[in-house]
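Colleague: fold the following for me, if possible:
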Amino acid sequence: MNKIKCIISLLVTLLFPTVVYGNVTFKSPIGGEINFSEEKKGDNYEPNSWGRITFTINDHLSDLSRNDRYYIEDGTSKLSPSGAYLILNSVSGDYVEQENGTKKFSERAYCSVIDLRSGCIVSDWDGEACSYNWKKNEDILSNSEAPDADVFDFLSMKPNVRSMKNALSSKNENEVKNILRCNPLTRDNLNSYQEFLKSGDPKSLI
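Modeller: Residues are numbered from 1 along each chain as shown. A predicted model of the protein is given here:
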């Protein structure tokens, strides 16, 4: 148990920032909430765009933001039937130099599934899967309500410390924080976290 407390003490600052944000709040019926702040305005931003998102539950706050994206919340975020998951839309954009020397603003839309019980970003993707919706009365993403509809297995993408193939030193701060939210430290995964910590210096991420 002392080993668990030691590792928690080492990593806790990655999980719970002390600053509180919030301009628009999306509340789940199961208790967790997503707060949107730092509104973005300008020619390159869609309406209802936000630069920062935070997750709060039981007085614990986690910053889920990425510096290379902004987040869309216009009242159409897709909550799963159980209230456990939220599909969050985000956009990454930057100026790209053209062959004639001019620069053009290019952007890509992403969809993330967030577990509203923990703040875990279960999956993050772009492309066709962003058009999938929750099936009626089921936490399943599919392209239609037909019995043979194509299903997107978002849960298979959930980060798992036991199956980490890359060293801690190869992970950025956002990735490490998300692993901890998705896999809370327990006696069962203690050895996996010890091996993960040996693969790099976690203090470099704080």
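Colleague: in the chain, which spans are strands?
Modeller: Listed in chain order, the strands found in the chain under DSSP state E are 24-27, 33-40, 49-57, 60-63, 70-72, 78-79, 85-97, 103-115, 121-126, 133-134, 141-142, 151-152.
Colleague: from residue 61, how far out is residue 121?
Modeller: Separation of residue 121 from residue 61 (Cβ to Cβ, to the nearest Å): 15 Å. In short, each C-beta sits where N, CA and C put it, glycine included.
Colleague: and if you look at residue 46?
Modeller: Applying Cβ to Cβ, the value for residue 46 to residue 61 is 26 Å.
Colleague: and the two? Which one has more around it.
Modeller: Looking at residue 46 and residue 61 with other Cβ atoms under 10 Å, you find the greater number of neighbours at residue 61, namely 18 against 14.
Colleague: may I have the distance across stretch 63-78, first residue to last?
Modeller: Start-to-end span of stretch 63-78 (Cα to Cα, to the nearest Å) is 20 Å.
Colleague: next, the buried residues of that stretch.
Modeller: 63-66, 69-73, 77 (16 or more other Cβ atoms under 10 Å).
Colleague: quick check: mean pLDDT across it?
Modeller: Across stretch 63-78, the average pLDDT comes to 88.
Colleague: how far off centre is that stretch?
Modeller: 9 Å (Cα atoms, centre = their mean, to the nearest Å).
Colleague: what's the pLDDT at the residue most central in space within the chain?
Modeller: In the chain, the centroid-proximal residue (Cα atoms, centre = their mean) is residue 121; its distance is 3.2 Å. Note on residue 121: pLDDT of 96.
Colleague: quick one: average pLDDT of stretch 39-58?
Modeller: For stretch 39-58, mean pLDDT is 90.
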